[in-house]
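Trainee: dropping a prediction and its sequence here:
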Amino acid sequence: MAANTMNHVTWPTAAVGAEAHLSYTQPASYYTSPEVFAQERERIFARSWQLACHVSQVAEPGDYCTLELLDEHLIVIRSDDGVVRAFFNVCAHRGHQLLQGAGRISKRIVCPYHAWSYDNSGALRHAKNCRNVPGFDVGSVRLSEVRVEEFASFVFVNLDPKAQPLRELMGELEDDMLRSAPRLVDLKLRHTMTQVLKANWKVAVENYCECYHCTTAHPTAMKAWYGVENYRVDVRGRYQIHSTTTRGEMASEVPAPLRVTKQYRAWIFFPYTALQVYPAHLNVMRWVPIDVGTTRYIEDWYVLGDELSDANRAAIEFRANFVQVEDTAICESVQVGLRSRGYRPGRLMIDGSGNGTSEHGVQHHQRMVLEAMSRPA
C-alpha cells in the first residue's frame, strides 16, 4: 500500500485512489492515534475555514459573538464601517480575554484586567497612564486579526493568514445554497443543542456522509421525512451536496418558508460542518474535535421570525429523540470497534449510482482529509 510518512505517522493513500469503487475504510490508527490527531489539529483545523456564526448574530455595529477554535478563543464583531472582523480574544497588553459569550458593545471593547480599550475595528483607543510612559504609541497597537469571510449569510473564520479565499474553494456552492434557501439572510438562531460524543470526529462526519445506514438505523426518520430510494450524494471539490424529496406526515403539514420546493438539501463543508434545509427551518451541525476519541456535537436551529413554531419544535424533538440518539449509538459503537485488535479495514460499498446507499461520500471525505495531511507543514 502506498503511503506518505510524516513525523513517524504513516498515512495510507491507496484506500482513496482514483478508482473509488475499490476503496476501503482506513486503518484504526486514523481514528485512535493521538499522534494522528495532533497533526490534524495543525494541518486541518488550523488551516480550514470554520463556521463562526450567522450574519444576524453580528447584524449591527458593535454586535459580537465569541467562539473557540482548537485552543484559540476568537471574537467576531461588526465594526462601525459595516465590515465583519475577527480577532484573537487576547488583550494586547497582558493577554487577558476581552469578551465572553455574545452581545453588543456600546462604544469600546474594554479589557477587564487593566481597562485597555479598543474600538470595534481592533484599534487601541486608550490605555491607563499611557501619557506618562515614554515612547508608548497608542496608534501602533491593534488586536491580532483572524481571516474572516461572509459566505451565504454565514460568517467563517480561518486561523491561516495565507488561506485560499472561501469563495474560491467553494465554487458554485453559494449560488446553490441561495437557490435552495433564498431567505438565508433573514434567518435567526432560535435553538442550540450540544452533546459530547465518545467518538473520533471523522467517525461522526463519515456517518453523515452516507445514507447506507439509514433504513437500518433510522427507520422512523425514513417513514416520517424521506426515503433512501431517491437520496443523492453529490461530491464536488471541497464540499458535498445531499438531496432528496421529503415525504410523509411531517413533510406535508409544515410550511415551506425557506424553500420554493419541498426538497431536503444539505451541504457538508470540509472538515466538519453541515447545513440542512428542511421545509420549515435550517439547522447547522458541527462535529468539533476535543481529542482523538471525543467530539463535541453542536446543532443550531435557524428559523424565520422571533419564535419557534410548533413544526419547528416537533422537528427539534424528533431529531433529539430519534435521529441523534441513533447516530450517537452508532458512532460510539464504531469507536469501540476501532480500538479492537480484531478490526481490519473493510470495503467501502461504492456502486457508482450516486445515491445514498453508496459510500462514495465517505470516500470523498477521507480523500480530503488525506490530501490536507499530505500538504507540507
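Mentor: Received it, and whenever you're ready, just let me know what you need. Since we're looking at a predicted model, the values are computed, not measured. Numbers count the residues shown, from 1 in each chain.

Trainee: contacts only, for residue 216.
Mentor: Contacts for residue 216 (C-beta atoms under 8 Å, 6 or more residues apart in numbering) come out as none. C-betas here are computed from N, CA, C, even on glycine.

Trainee: export the strand or helix carrying it to PDB, keeping only CA atoms.
Mentor: Secondary structure from DSSP states H and E places residue 216 in helix 214-217. Provided in PDB are the C-alpha atoms of helix 214-217 (Å, rounded to 0.1, in the frame of the first residue of the first chain):
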ATOM      1  CA  CYS A 214     -30.400   5.000   7.100                       C
ATOM      2  CA  THR A 215     -33.000   2.200   6.600                       C
ATOM      3  CA  THR A 216     -31.300   0.100   9.300                       C
ATOM      4  CA  ALA A 217     -30.500   2.800  11.900                       C
END
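
Trainee: give the contact list for the spatially most central residue of the chain.
Mentor: For the chain, residue 273 is the residue whose C-alpha lies nearest the centre (C-alpha atoms, centre = their mean; 2.5 Å). Residue 273 makes contact with 50-51, 284-286, according to C-beta under 8 Å, 6+ apart.

Trainee: show me the two of the residues you listed that sit farthest apart.
Mentor: Pairwise distances across the contacts of residue 273 (C-beta to C-beta) peak at 13.3 Å, for the pair 50 and 285.

Trainee: need the helices for the stretch 51-200 of the chain, in chain order.
Mentor: Ranges of helices in the stretch 51-200 of the chain, per DSSP state H, counting those that start in this stretch, are 166-170, 173-180.

Trainee: now the longest one, how far from the centre of its chain.
Mentor: Translated: helix 173-180. Here the centre of helix 173-180 is set off from its chain's centre by 17 Å, with C-alpha atoms, centre = their mean, to the nearest Å.

Trainee: what do you get for stretch 346-358?
Mentor: For stretch 346-358, the distance to the chain centre is 24 Å (C-alpha atoms, centre = their mean).

Trainee: equivalent analysis for stretch 336-356, please.
Mentor: Counting by C-alpha atoms, centre = their mean, stretch 336-356 is centred 24 Å from the centre of its parent chain.

Trainee: pLDDT (mean, whole number) over that stretch?
Mentor: Mean pLDDT, stretch 336-356: 92.

Trainee: so what's residue 327 closest to, chain neighbours aside?
Mentor: Among residues not flanking residue 327 along the chain, residue 207 sits closest, at 6.0 Å (C-beta to C-beta, 6 or more residues apart in numbering).

Trainee: quick one: the residue nearest to residue 339 when sequence neighbours are not counted from residue 340, how far?
Mentor: Among residues not flanking residue 339 along the chain, residue 32 sits closest, at 5.7 Å (C-beta to C-beta, 6+ apart). Distance, residue 32 to residue 340, using C-beta to C-beta, to the nearest Å: 10 Å.
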